[in-house]
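>>> Sharing a model that was predicted from the sequence below.
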Amino acid sequence: GFNAVMREMVPESIDIMFLDEPFESLDDGSSEQVVELCKDIAQDSRVFVITHQPGIKDLIGEVISIEKRNGMAAIA
């Protein structure tokens with residue numbers, strides 16, 4: 001399915017991956033599939049996901065929240 005196709009697009013040996021807003025235009029089912037793909041890749045690599053969708057954080061193990069405070073970015 002979807003994960004198999006996406007996994008073919010990711011190099012076999014990757015140390016770190018950054019995904020910027022990968023869920024922006026996806027429905028809930030597709031977003032969950034991307035999260036599962038990220039978990040699969042994270043077994044061998046570090047995966048960082050940047051998103052503004054609060055529901056995604058419940059699907060991901062470790063979350064770092066960054067908020068604007070007085071015009072500056074700060075870890076929440």
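Thanks, I have it.
>>> Show me the helices in the chain, by range?
2-9, 28-42 (DSSP state H).
>>> list the contacts for the residue nearest in space to the middle of the chain?
In the chain, the centroid-proximal residue (CA atoms, centre = their mean) is Val49; its distance is 3.2 Å. Contact partners of Val49, counting by CB atoms under 8 Å, 6 or more residues apart in numbering, are Leu19, Pro22, Cys38, Ile56, Ile60. For every residue, glycine as well, the C-beta is placed using N, CA and C.
>>> ok, so of those, who is nearest Gly29?
Ile56 (13.3 Å; CB to CB).
>>> any idea of the pLDDT on that closest one?
We note a pLDDT of 79 for Ile56 in this prediction.
>>> Equivalent analysis for Glu12, please.
64.
>>> One more: Met72?
Value listed for Met72 in the pLDDT field: 90.
>>> beta partners of it?
For Met72, the beta-bridge partners are Arg69 (DSSP bridges).
>>> Count the neighbours of it for me.
Neighbourhood size, Met72 [other CB atoms under 10 Å]: 7.
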